[in-house]
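>>> predicted model and sequence below, questions to follow.
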Amino acid sequence: MKEKLSKKDKIINAALKIITERGNMNFTIREVVLDADVNIASVNYYFGTKRKLIQEIEKKFIRRLLDFQSILANPQSSPQEQLFEWACTLIEELIKNPGIVLILSNKLILTEQFDEDIELFIKENNQYLNSIIKKITGIEDDEIIQLKTTRINADLFFPMLFIKNSEKIFGFSIQDAEIRKKYVKSVIDSIL
C-alpha cells in the first residue's frame, strides 16, 4: 500500500515536479497549489513564500544526499565498492529529481553564500571522498587527493546538468542504468 503524503510533502513534490518539467524556477504558488491539490493556505502555513519553499526542497534533498554518505563508510565493502555504490546511488537520485540539480546549481553558481546544510554536505562529502581516495590510491599528498575529489564530484555532477540532452551532448544517455554503471566505473578508474 502506498504511503499517504502529508500536505507539506505534496507541496514540495509538486514544486519540484514543476521545476523539473520547466527546467527553471519560474513557477507560481498557484501552479503548485493546483498540482499538489491543496489550498493556498497550506502553502502559506508551511512555507510562507516561494523562496522558503525552494529552501525547504534544498534542505530535504541535502539531508537525503547526506544519508548516502553512509555508503562511503560501509565496512562490509572495499573502498572501490563503496565509491561505486555511492556514485551510482547519487546519480540515480539526481536522475529521479533533476529539478534539485537546477536548484542547487543556481544556488552554488549564482550566490556567494551557502546555507548550513549545503556547506555541511560539501564538507562531509569531501572528507569521505578524500578518505576513500587515499585508501584506493595510496596517495598521501592532501592537495593531490583534493584535486581527485574535485574531479570525481565534477564528473558525477556535470552530466546531471544535461540530463535531458545527455545523449545528444555526450553520445550516451546517463539515464540508461548499464551505461551509467560503465560511466561511474570509468570515473573511478580515472583517479587511480
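Received it, and whenever you're ready, just let me know what you need. As the structure is a computational prediction, the values presented were derived from the model and not from experiment.
>>> could you point out the helix or strand that follows the helix or strand bottoming out on mean pLDDT in the chain?
The weakest-scoring helix or strand in the chain, judged by mean pLDDT, DSSP states H and E, is helix 98-110 (a mean of 81). Scanning forward in sequence from helix 98-110 by DSSP states H and E, the next helix or strand is helix 116-137.
>>> avg pLDDT for that next one?
Mean pLDDT, helix 116-137: 90.
>>> ok, and what's touching it?
Counting by Cβ atoms under 8 Å, 6 or more residues apart in numbering, helix 116-137 makes contact with 58-59, 62-63, 65-66, 69, 72-73, 79-80, 82-83, 104, 107-108, 114, 139-140, 142, 145-146, 148-149, 152-153, 188, 191-192, all of which sit outside it. Where you see a C-beta, it was placed from the backbone N, CA and C, and this is true even at glycine.
>>> still on that earlier bit, so the least confident helix or strand of the chain versus helix 116-137, what angle?
Going by axes from the mean of the first three to the mean of the last three Cα atoms, to 10 degrees, helix 98-110 is angled at 100 degrees with respect to helix 116-137.
>>> buried set for helix 98-110?
Applying a neighbour-count criterion of 16 or more other Cβ atoms under 10 Å, one finds 98-104, 107 buried in helix 98-110.
>>> what are the phi and psi values for residue 176?
phi -80, psi 120 (degrees, to the nearest 10).
>>> that one: how many residues sit nearby?
13 (other Cβ atoms under 10 Å).
>>> what sits against it?
Residue 176 touches nothing, counting by Cβ under 8 Å, 6+ apart.
>>> now do 10 Å
Counting by Cβ atoms under 10 Å, 6 or more residues apart in numbering, residue 176 makes contact with 166-167, 182-183.
>>> likewise residue 50?
Residue 50 sits in contact with 15, 25, 27-29, 32, 43, where contact means Cβ under 10 Å, 6+ apart.
>>> relative to residue 54, how far out is residue 26?
Distance of residue 26 to residue 54, given as Cβ to Cβ, to the nearest Å: 12 Å.
>>> so for those two, which residues contact both of them?
Each of residue 19 lies in contact with both residue 26 and residue 54 under the rule Cβ under 10 Å, 6+ apart.
>>> out of the two, which sits in the busier spot?
Neighbour totals were compared for residue 26 and residue 54, and residue 54 leads with 21 against 9 (other Cβ under 10 Å).
>>> that one sits in which helix or strand?
Applying DSSP H and E, one finds residue 54 within helix 50-68.
>>> also residue 5?
Per DSSP H and E, there is no helix or strand for residue 5.
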